[in-house]
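Engineer: okay, here's the prediction I keep looking at, along with the sequence it came from:
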Amino acid sequence: MEPCRDCAVLALAIDPVNPTTVYAGERGVYKSGNGGATWITLNTGLIDTYVDTLAIDPTTPTTLYVGLARACLRPPTAATRGAPSIPA
């Protein structure tokens, strides 16, 4: 993926187990597994691409929470069954 030259990253999260894995939020969610040298998009399931918050679950670092301008995605639970989530 070619980096966006005029975009501003609004959210950043670094994997506590593997610090070379980095997530960035701007006009979507992006993941780098090599410290930012290359990026892939993780936008499947997003209902909006205006990302303003990212958080990695401290007990399950493979779960990434994404705060959107008009919604919040989280892993399905009994209370939120069916809500989309993004595997980290």
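Structural biologist: Okay, I see it. Nothing here was measured: the structure is a model prediction, and the numbers come from that model.

Engineer: partners of Arg27 in the sheet?
Structural biologist: Assessed by DSSP bridges, Arg27 has beta-bridge partners Tyr50.

Engineer: neighbours of it, how many?
Structural biologist: Arg27 is flanked by 14 other residues according to other C-beta atoms under 10 Å. The way it works is simple: take the backbone N, C-alpha and C, and place the C-beta from them, glycine included.

Engineer: what's the residue closest to the geometric middle of the chain?
Structural biologist: Val29 (4.5 Å; C-alpha atoms, centre = their mean).

Engineer: torsion angles phi and psi at Ala11?
Structural biologist: Backbone torsions of Ala11, given as degrees, to the nearest 10, read phi -150, psi 150.

Engineer: residues in contact with it?
Structural biologist: 23-26, 51-54, 67 (C-beta atoms under 8 Å, 6 or more residues apart in numbering).

Engineer: switch to 6 Å and redo it
Structural biologist: 25, 51, 53-54 (C-beta atoms under 6 Å, 6 or more residues apart in numbering).
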